[in-house]
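Enquirer: following is a predicted model, sequence given first.
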Amino acid sequence: MISSTKNSVLGLVELADTDDPINLHGSTSSRVLRDVFHDRLKGWVRSKDQWRLLNNNRVCVILRDIGSQGELELAAAKLGRIFKEPYYHRGRLMPLEVSAGFAELNGRDEDLKLAMQQAGIALKQAQKSSQLFDVYLSEWGMDASDERELVKQLEIALETGALQLYYQPKVHAGYRSLIGAEALMRWHTKDQKIITPDQFIDVAERHEIIKPMTWWAIKSAVARLARWPEQLSIAVNISPALLLEDEIMSVVQDALEIHGVTPARLNLEVTENIMIDHQDLVLSQLARLRDLDVKISIDDFGTGFSSLAYFRDLPVDEIKIDKSFVLRMLESEKDLAIVKAIIDLAHNFSLKVVAEGVENLDIANRLAELHCDILQGYVFDRPLPVEEFEKEYRV
């Protein structure tokens, strides 16, 4: 909530991607839309406010002297009215939908960076719930000092080896034989606790620490592959932001060459939602990674913004059905239909299909009947420390 004292609010306002069949990237229509977007924003901000472009479709705004949630809601309502007015280009109605995320700003440099991160979280929340705007709430995360301390502790954990990779087996759906594993990060604290990524990965992704953590995970997984039989593979999760960095190419290539590992044994997993932003750049980067002969997998498939238009051209090798569908597939005809449709669609494009969240043999057997390729879940094993994994599976 916005405090009752007069303060500044940082906002991120983003023009939504269009579903228009015309290719807007680099076209005249696209430039016109961006110009209208910028012109209408000029009519929204006041003379005492500040704003600057972050990219063609996103603007950072600092609203001065906002003293209450009500004042911010009035400002957001004005934003909605300005963009609700239809715009026609050459007699054709053009979509002008925006979303906004807001966070309080106290004025210090370190607070500006944090407010940007918090506004980004609020923006994603607004887009996820199809609302015009949302405001960052402390319940979504932690306060600034706690977050900075967590990042500091993650840096120490990375330096001291407190971060470890656990391995969850992936098995052939028909033969139930081991074909590889997914590498999952675990943080071993000084007080003997084991912390899973859901408790720290979101914070890591808002800070630079996610980069060395991910590069370490890739290098460690490849080093482990060098010790395993040639038929086994390892999957590593990649943060969406890092996929767009050129450095990932050299990290992957160097690791494979240093350890003499066949590239096809490394599987990089990215979430489906990465396709929402920078679609052309994402497709290009995925294609570059595949040129190295590594495998690419789309994780959590079915929960994002799937589109046959981009699915047709996806430079990937594997689709992972989100576990939310797998867990309910025997009780829900709709979930079963979704699972079957994903398997059939993927196979029509010569892609393999992994089902995660397989928690009992009935589900495993049904997935095999549907010709799913690979199974992963607690019915086979939980993520295991590497020594335990190698002993259990005689690797």
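Expert: Thanks, I have it.

Enquirer: CA only for contacts and neighbour counts going forward, please
Expert: Fine.

Enquirer: and the helices in the stretch 151-300 of the chain?
Expert: Remark: helices assigned in the stretch 151-300 of the chain by DSSP state H, counting those that start in this stretch are 201-205, 210-225, 240-243, 247-259, 279-291.

Enquirer: please work out which of those helices is packed deepest.
Expert: helix 210-225 (a mean of 19; mean count of other CA atoms under 10 Å).

Enquirer: show me what that helix is packed against.
Expert: Here helix 210-225 touches strand 163-172, strand 233-237, helix 247-259, going by 3 or more CA pairs under 8 Å, 6 or more residues apart in numbering; DSSP states H and E.

Enquirer: packing partners of the first one?
Expert: Read that as strand 163-172. Where contact means 3+ CA pairs under 8 Å, 6+ apart, strand 163-172 is packed against strand 178-188, helix 210-225, strand 374-376, strand 384-385, helix 386-392.

Enquirer: same thing with the second one?
Expert: Helices and strands in packing contact with strand 233-237 are listed as strand 178-188, helix 210-225, strand 266-271; criterion 3+ CA pairs under 8 Å, 6+ apart.

Enquirer: quick check, pLDDT for the nearest residue to residue 215 once chain neighbours are set aside.
Expert: The shortest distance from residue 215 to any residue other than its chain neighbours is 6.7 Å, reached at residue 251 (CA to CA, 6 or more residues apart in numbering). pLDDT recorded at residue 251 is 97.

Enquirer: check contacts around residue 251.
Expert: Under the criterion of CA atoms under 8 Å, 6 or more residues apart in numbering, the neighbours of residue 251 are 215, 218, 219.

Enquirer: next: residue 283.
Expert: With CA under 8 Å, 6+ apart, residue 283 has these contacts: 314, 315.

Enquirer: low-confidence ranges, the stretch 151-300 of the chain, go.
Expert: 273-278 (pLDDT under 70).

Enquirer: kindly recompute the last result at 50.
Expert: Regions of the stretch 151-300 of the chain meeting the criterion pLDDT under 50 are absent.

Enquirer: so which helix or strand takes in residue 117?
Expert: Here residue 117 sits within helix 109-128, counting by DSSP states H and E.

Enquirer: now the helices and strands packed on strand 233-237 in JSON lines, with distance to residue 68?
Expert: Below are the helices and strands packed on strand 233-237 laid out as JSON lines (distance: least, CA to CA, whole Å):
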{"stretch": "strand 178-188", "distance to residue 68": "40"}
{"stretch": "helix 210-225", "distance to residue 68": "35"}
{"stretch": "strand 266-271", "distance to residue 68": "37"}
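
Enquirer: helices of the stretch 1-150 of the chain, start to end?
Expert: For the stretch 1-150 of the chain, applying DSSP H, counting those that start in this stretch gives helices covering 28-42, 69-84, 109-128, 144-160.

Enquirer: I'd like those as JSON lines, with mean neighbour count and distance to residue 323 appended.
Expert: Output for those, formatted as JSON lines (neighbours: other CA atoms under 10 Å; distance: least, CA to CA, whole Å):
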{"stretch": "helix 28-42", "mean neighbour count": "16", "distance to residue 323": "37"}
{"stretch": "helix 69-84", "mean neighbour count": "15", "distance to residue 323": "37"}
{"stretch": "helix 109-128", "mean neighbour count": "19", "distance to residue 323": "19"}
{"stretch": "helix 144-160", "mean neighbour count": "14", "distance to residue 323": "28"}
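
Enquirer: distance to residue 197 added to these, as TSV?
Expert: Shown next, in TSV, are those (distance: least, CA to CA, whole Å):
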stretch	distance to residue 197
helix 28-42	38
helix 69-84	33
helix 109-128	18
helix 144-160	11
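
Enquirer: nice, that's everything, thank you.
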